[in-house]
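*Asks:* just the structure for this:
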Amino acid sequence: MPASRTVLLTGAAGRIGTHLRARLPALGHRLRLFDARPVPGEPDAITADLADREALRRAVEGVDAVVHLAGIPLEASFEDILRANVEGTYRLYEAVREAGVRRVVLASSNHAVGFAPVPAEGAPLLPVETAHRPDTFYGLSKCFGEDLASLYRDRHGIQTVSLRIGACFPEPVSVRMLSVWLSPGDCARLVHAALTADGVGHTVAYGSSANTRLWWDLSAARALGYEPQDDSEPYAPALLAAESGTRREGHDRIGGEFCAAEPPRWNPG
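*Replies:* This is a model prediction of the structure:
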């Protein structure tokens, strides 16, 4: 598939959306921006909620693909997750179907398999075929998104790459992130590969950099043409020293602190 001409980026004002806004144009993608909040410095961005059917219809009109990041990025009440992440993703796919868009890159999450055990040292990496084991309502919504993408592939022919993203930050800020870190540059390279690979059907792939302490198998992402260039290991000495003697809840599970009794909560402020 050739590089997409116009890509709708939902959740464009968020952390990952901001990284992609800065990097995808250089990879050949012209962006149309959509978010419930104003996008800084982007007066032409569409400011609307996913529940706004007419705004969604305008947003997808004439685009070649969609990168869907919009939604609540941490744990929240079931009602909020249902509205933003479950119903919002459904509304996005309906707009895509009606507009005839054939490619979606869906922001799934490692929290779709958050309760899966961290592989022991020397053991095989976590395969992408791992059954869903969500660690939160947030993780559950990502399981729904992957299954919805599968349904729309089989029923409507819409191709999706569901990316189980790790932690996309300029640099890792915890020992756990040494294993799941996705640098902003690698994030853009991964999304570009997902937008341009041929014959993806519905592909699920883990999203992280080529970390020395990697927990999951990146072969599905590499098969798309993804070539990660970064590794969290240079940050390891300082982070290991800072957390020496501490024990974090959920440290033996992929989802980390999301597996704790009180996982991180979403603060819309």
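*Asks:* in three-state terms, label the residue nearest in space to the middle of the chain for me.
*Replies:* Closest to where the C-alpha atoms of the chain average out (C-alpha atoms, centre = their mean) is A107, at 2.8 Å. Under DSSP: H, G, I helix; E, B strand; the rest coil, the three-state class of A107 is strand.
*Asks:* does it touch I16 like I think?
*Replies:* Yes - using C-beta atoms under 8 Å, A107 makes contact with I16 at a distance of 7.1 Å. For the C-beta atoms, the positions are set from N, CA and C on the backbone; glycine is no exception.
*Asks:* what touches both of those two?
*Replies:* Common neighbours of A107 and I16 (criterion: C-beta atoms under 8 Å, 6 or more residues apart in numbering): L69, I165.
*Asks:* hey, what's the residue nearest to the centre of the chain bridged with?
*Replies:* For A107, the beta-bridge partners are L163 (DSSP bridges).
*Asks:* residue contacts, it?
*Replies:* G11, I16, V67, H68, L69, G71, L163, I165.
*Asks:* of these, closest to R155?
*Replies:* Set against R155, the nearest of the contacts of A107 by C-beta to C-beta is H68 (18.0 Å).
*Asks:* the closest one: neighbouring residues, count only.
*Replies:* 25 (other C-beta atoms under 10 Å).
*Asks:* for V118, see how far away it is.
*Replies:* 28 Å (C-beta to C-beta, to the nearest Å).
*Asks:* one more: R53?
*Replies:* 42 Å.
*Asks:* more neighbours, those two?
*Replies:* V118 (18 against 13).
*Asks:* the more buried one and R253 touch, don't they?
*Replies:* Yes - shown here, V118 and R253 form a contact pair, counting by C-beta under 8 Å, at 6.4 Å.
*Asks:* all strands of the stretch 51-200 of the chain, in order?
*Replies:* 65-68, 103-109, 159-165 (DSSP state E, counting those that start in this stretch).
*Asks:* what segments of the stretch 1-150 of the chain are helices?
*Replies:* 15-23, 53-60, 78-81, 88-99, 137-156 (DSSP state H, counting those that start in this stretch).
*Asks:* looking at those, which is closest to L178?
*Replies:* It's helix 15-23; of those, that one is closest to L178 (C-beta to C-beta) at 19.0 Å.
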